[in-house]
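Colleague: The amino acid sequence is not available; the structure is as follows:
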């Protein structure tokens, strides 16, 4: 069974909701507070408490500022009168290098630092694009403000603490209408959120809720941690964390995070095919390399005869749904095709892992597969080839030596 994190974003996602959901799942609060105390930031305190949100018990993560930014003031966010602008306190805007320096000088561990930095970079890139500036010069007030720094750092620390690297986020529910922010009254999703969704291939689902459900911080978090957007057909739920939002909308206002377990011996993928009859072999070889470089599961060519009996090749690619756009881009850009076919497929796969074994020819990587009739060992081609060339022995001899060593160390086939 594999374990993964599943974010159910039916009420959208924001930084504080994401942090609260992970704390409710069991992320270590002591580790979080130690990390926050090491930040070179003033003007904030953090309060973590249980609340009831629309009848559901949830965790609330609250960054309390010396100067209120009115981020949760519904009258300010959606009010009609301009006089409300006088209530807004303008935070000091920080650029990306300043924020990355704050993260780098904290006592967060390396993986948490990298995660927080990636989230900020994704948001900074979006802010720079929509404001027509460079990533290092844009001063993005909402993201550069203290509360956003604390939210993103806190999420990175909690996520790292839970130790789950696979994350399912099928879609983000978003509201509609307008919202007031530093740059005036903007349509929902606000430009930075829309840009993050566009660039990172997130799925946005429009709702009838009047208001902003997905913040740029929430979108940035989803963009960086999401690994898959299609849930397994069957899974078990090991733990549930509920994060409370603070804005009052006509929806539950919670973010539910679940640790799920599922059988990885079967999964779904997409098969993409196209026929080409006027594409040189050198180009097809380069296309194959490009396809595998982006992480497709498989790619191969099949000789076929097309109309008018012209010899040709059918290109077949098996990949995750998230890579379909990238595969199509490569095929249209690099080959002579003018159309592709695609369909969902189901795969049954054996549990497998990679081990390293010692042989008389040196170390060799071996794929270990658990089949119904026992363990199977498949030495990796490149590893065997390299040892064969170094030793001057045949590929077959080195291959058999690796299988023998793996069997002796890990059990019979």
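Modeller: It's in. If you're wondering where the values come from, they're calculated on a predicted model, not measured in any experiment.
Colleague: Out of the helices and strands in the chain, which is least certain?
Modeller: helix 74-78 (a mean of 50; mean pLDDT, DSSP states H and E).
Colleague: where along the stretch 201-350 of the chain do the strands fall?
Modeller: 204-210, 236-244, 254-262, 266-276, 298-305, 311-319, 341-348 (DSSP state E, counting those that start in this stretch).
Colleague: Need those in a markdown table (columns: mean neighbour count and distance to residue 155).
Modeller: The C-beta positions use only the backbone N, C-alpha and C, and glycine is treated the same way. Formatted as a markdown table, those follow (neighbours: other CB atoms under 10 Å; distance: least, CB to CB, whole Å):
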| stretch | mean neighbour count | distance to residue 155 |
| --- | --- | --- |
| strand 204-210 | 14 | 20 |
| strand 236-244 | 19 | 10 |
| strand 254-262 | 21 | 11 |
| strand 266-276 | 18 | 28 |
| strand 298-305 | 13 | 35 |
| strand 311-319 | 18 | 29 |
| strand 341-348 | 11 | 32 |
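Colleague: Minimum distance to residue 378: which of these has it?
Modeller: Among the strands of the stretch 201-350 of the chain, strand 298-305 comes nearest to residue 378, with 15.3 Å by CB to CB.
Colleague: Which strands or helices does that closest one pack on?
Modeller: helix 281-293, strand 311-319 (3 or more CB pairs under 8 Å, 6 or more residues apart in numbering; DSSP states H and E).
Colleague: what residue is smack in the middle of this structure?
Modeller: residue 226 (2.2 Å; CA atoms, centre = their mean).
Colleague: Could I get the contacting residues of that one?
Modeller: Contact partners of residue 226, counting by CB atoms under 8 Å, 6 or more residues apart in numbering, are 167-169, 200, 202.
Colleague: Quick check: phi and psi on it?
Modeller: Per-residue torsions, residue 226: phi -60, psi 130 (degrees, to the nearest 10).
Colleague: neighbouring contacts of the longest helix anywhere in the chain?
Modeller: Counting by DSSP state H, the longest helix found in the chain is helix 110-131. Outside helix 110-131, the residues that touch it by CB under 8 Å, 6+ apart are 35, 95-96, 99-100, 103-104, 106, 108, 133-135, 137-138, 140, 143, 152-153, 155-157, 159-160, 191-193, 195-196, 199-200, 216-217, 219-221, 223-225.
Colleague: if I pick residue 233, what's in contact with it?
Modeller: residue 268.
Colleague: could you measure it against residue 151, distance?
Modeller: 34 Å (CB to CB, to the nearest Å).
Colleague: do residue 343 as well
Modeller: Per CB to CB, residue 343 is found 41 Å from residue 151.
Colleague: cool, and residue 288?
Modeller: Taking CB to CB, one finds residue 288 at 43 Å from residue 151.
Colleague: go on, residue 42?
Modeller: For residue 42 relative to residue 151 (CB to CB), the value is 17 Å.
Colleague: the more surrounded of the two?
Modeller: residue 151 (25 against 7; other CB atoms under 10 Å).
Colleague: Would you state the predicted confidence (pLDDT) at that one?
Modeller: Per-residue pLDDT puts residue 151 at 95.
Colleague: Leaving out chain neighbours, which residue sits closest to it?
Modeller: Leaving out its chain neighbours, the residue that sits closest to residue 151 by CB to CB, 6 or more residues apart in numbering is residue 15, at 3.1 Å.
Colleague: got a list of what that neighbour touches?
Modeller: Counting by CB under 8 Å, 6+ apart, residue 15 has contacts 148, 151-152, 154-155, 215, 217-218, 221.
Colleague: again with residue 311
Modeller: 277, 303-305.
Colleague: which pair in those spans the largest distance?
Modeller: Across the contacts of residue 311 (CB to CB), the longest gap, 10.8 Å, separates 277 and 303.
Colleague: So for those two, which residues contact both of them?
Modeller: With CB under 8 Å, 6+ apart as the test, residue 277 and residue 303 both reach 311-313.
Colleague: Which of those residues lies at the shortest distance from residue 253?
Modeller: residue 313 (53.8 Å).
Colleague: measure that closest one to residue 336 for me?
Modeller: If you go by CB to CB, the gap between residue 313 and residue 336 works out to 11 Å.
Colleague: do the same with residue 367
Modeller: For residue 367, the distance to residue 336 - CB to CB - is 35 Å.
Colleague: Local confidence estimate at the spatially most distant residue from the centre of the chain?
Modeller: The outermost residue of the chain, judged against the average C-alpha position, is residue 308 (46.3 Å), by CA atoms, centre = their mean. pLDDT recorded at residue 308 is 82.
Colleague: that older thread, now, the contacts of residue 15 that are in helices?
Modeller: Checking the contacts of residue 15 against DSSP H, those in helices are 148, 151-152, 154-155, 217-218, 221.
Colleague: Now for the residues you listed: which two are most distant?
Modeller: 154 and 218 (13.3 Å).
Colleague: just for the stretch 251-400 of the chain, where's the confidence low?
Modeller: For the stretch 251-400 of the chain, applying pLDDT under 70 flags the ranges 265-267.
Colleague: and the strands of the stretch 201-350 of the chain as a markdown table, adding distance to residue 59?
Modeller: Shown next, in a markdown table, are those (distance: least, CB to CB, whole Å):
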| stretch | distance to residue 59 |
| --- | --- |
| strand 204-210 | 22 |
| strand 236-244 | 6 |
| strand 254-262 | 10 |
| strand 266-276 | 32 |
| strand 298-305 | 43 |
| strand 311-319 | 37 |
| strand 341-348 | 37 |
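Colleague: Among these, which comes closest to residue 3?
Modeller: Of all those, the one in closest proximity to residue 3, counting by CB to CB, is strand 254-262 (5.4 Å).
Colleague: for the helix or strand hosting residue 399, which positions count as buried?
Modeller: Per DSSP states H and E: residue 399 is located in helix 395-410. Residues 398-399, 401-403, 405-406 are the ones in helix 395-410 that count as buried (16 or more other CB atoms under 10 Å).
Colleague: And residue 249, how far from residue 114?
Modeller: 33 Å.
Colleague: more crowded one of those two?
Modeller: residue 249 (18 against 15).
Colleague: Can you check what pLDDT the model gives the more buried one?
Modeller: 82.
Colleague: ok, it touching residue 213?
Modeller: Yes: between residue 249 and residue 213 there is a contact at 6.9 Å, judged by CB atoms under 8 Å.
Colleague: Overlap in contacts, the two.
Modeller: 11, 175.
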